[in-house]
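A.B. asks: Predicted model follows, preceded by the sequence.
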Amino acid sequence: MGKEIKIIERPDLKSGIRNVTETGITAFMWAAWIYLLMPVLNILLWIVGIRIFYIELIEKSGFARVLDMIYNIGWIAAVVFISFWLWGYYNLKRYGKLQRRKNLEHRCDQKILESLGISPELHQLMLTQKEIEFQWRIDSINAAEEETRLS
């Protein structure tokens, strides 16, 4: 097998200006792509019969009603957002300091450790580590399955 390419993802190292720039460029490119596809989309919609929708919406000034509807929906969305935010703030103040979670007892099933080939010392060491990487080997898994069948 060839060399593996390791991709390092560290968004915390990006500056705010870089994030805004990348988002702006992406939005511009999507807008350009949609703009370039509009003639094809227009032809397809005209073939399907959406031309009638265009006549009713644009040519007969139904567009003003659509803008009014979008304006009203915007106000409704703002009211819903503010009410959810206030509800979340109330819950934070009311219940934020409570600790009702129950800590579960530490459980170490010896059969699981044995089937994975992990000693109790290694298990204790693994509990102190921040990150653990397993490398499964097919031959060891097949041997463990064969051993289980023979027992």
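C.D. replies: Received the coordinates, thanks. Residues are numbered from 1 along each chain as shown.
A.B. asks: how's this protein carved up into domains?
C.D. replies: Domain assignment for the chain by automatic domain parsing gives 14-60, 62-96.
A.B. asks: Let me know the average pLDDT across the first one.
C.D. replies: Meaning domain 14-60. The average of the pLDDT scores along domain 14-60 is 82.
A.B. asks: now it: how far from the chain's centre is it?
C.D. replies: 24 Å (C-alpha atoms, centre = their mean, to the nearest Å).
A.B. asks: And the last one, by the same measure?
C.D. replies: Computed by C-alpha atoms, centre = their mean, the separation of domain 62-96 from the middle of its chain amounts to 23 Å.
A.B. asks: Stretch 3-12 now?
C.D. replies: Centre to centre, stretch against its chain (C-alpha atoms, centre = their mean), the figure for stretch 3-12 is 19 Å.
A.B. asks: tell me, how many neighbours does Val80 end up with?
C.D. replies: 10 (other C-beta atoms under 10 Å). In this view, the C-beta of every residue, glycine as well, is placed from N, C-alpha and C.
A.B. asks: any idea which element it lies in?
C.D. replies: helix 63-95 (DSSP states H and E).
A.B. asks: Show me what that helix is packed against.
C.D. replies: Packing partners of helix 63-95 (3 or more C-beta pairs under 8 Å, 6 or more residues apart in numbering; DSSP states H and E): none among the helices and strands.
A.B. asks: any idea which helix or strand comes after it?
C.D. replies: helix 110-116.
A.B. asks: before we move on, back to that, state the mean pLDDT of the helix holding Val80.
C.D. replies: Mean predicted confidence for helix 63-95 is 86.
A.B. asks: can you put the domains of the chain in CSV and add distance to Lys111?
C.D. replies: What follows is the domains of the chain, written out as CSV (distance: least, C-beta to C-beta, whole Å):
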stretch, distance to Lys111
domain 14-60, 46
domain 62-96, 40
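A.B. asks: and Leu127, which of those domains is closest to it?
C.D. replies: Ranking these by proximity to Leu127 (C-beta to C-beta) places domain 62-96 first, at 30.0 Å.
A.B. asks: Just the pLDDT at Gly2, thanks.
C.D. replies: 63.
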